[in-house]
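coords below, sequence missing:
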């Protein structure tokens, strides 16, 4: 079965940077569209960024445009999220998701077939 494992979360001061990684196994990675979502306590899981299977199309939530960058390496079966200029409001558990199929990036959590366990990102002020 398809498994997703996130890594790279941690505690960082406001203005700092992190790089999250999501390693995918058990499937043909290049056939999956990928996305990063985040969920703060008491809130729903919202999209942060998404990328198509071909790497040519990306989607970003307005709150992270210009600060976060999503990328993927199909040779390494890994998707990344670079987080720059972090703010306290970015604090959340970050989840990696995968959906089977081609087409544009998908910003809605219900469209994803597989999820990782999440990695905590905490930004102190």
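Sure, I can see it. Keep in mind that what you see is a predicted model, and the values were worked out from it rather than measured. Numbers count the residues shown, from 1 in each chain.

Run the chain-centre distance for stretch 116-125.
12 Å (CA atoms, centre = their mean, to the nearest Å).

Any chance you could list what contacts it?
4-14, 16, 18, 20, 22, 38-39, 83, 86-97 (CB atoms under 8 Å, 6 or more residues apart in numbering). In this view, the C-beta of every residue, glycine as well, is placed from N, C-alpha and C.

and if we set it to 6 Å?
For stretch 116-125, contacts defined as CB atoms under 6 Å, 6 or more residues apart in numbering pick out 4-6, 9, 11-14, 22, 86, 88, 90-91, 93-96.

Going by residue numbers, what spans are strands in this structure?
3-7, 10-13, 18-25, 32-39, 46-51, 58-60, 68-73, 78-83, 92-100, 114-115, 119-124 (DSSP state E).

List the neighbouring strands of the third one plus their orientation.
Spelled out, that is strand 18-25. strand 3-7 (antiparallel), strand 78-83 (antiparallel) (DSSP bridges).

Can you say which of those strands is packed in most?
Of all these, strand 78-83 has the most neighbours on average by mean count of other CB atoms under 10 Å, namely a mean of 22.

I'd like the mean pLDDT over that one, please.
Average pLDDT, strand 78-83: 98.

which ones are touching the residue at minimal distance from the centre of the chain?
Nearest to the mean C-alpha position of the chain, by CA atoms, centre = their mean, lies residue 36 at 2.0 Å. By CB under 6 Å, 6+ apart, residue 36 lies in contact with 48-49, 81.

Those residues into JSON lines, with extra columns for distance to residue 116?
Putting those into JSON lines (distance: CB to CB, whole Å) gives the following:
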{"residue": "48", "distance to residue 116": "13"}
{"residue": "49", "distance to residue 116": "15"}
{"residue": "81", "distance to residue 116": "12"}
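
and the residue nearest to the centre of the chain, bridged to which residues?
residue 49, residue 96.

any idea how far it lies from residue 66?
16 Å (CB to CB, to the nearest Å).

buried ones in stretch 56-64?
59-61, 64 (16 or more other CB atoms under 10 Å).

Ignore what I typed, I meant stretch 49-58.
So, applying 16+ other CB under 10 Å, buried residues of stretch 49-58: 49-53.
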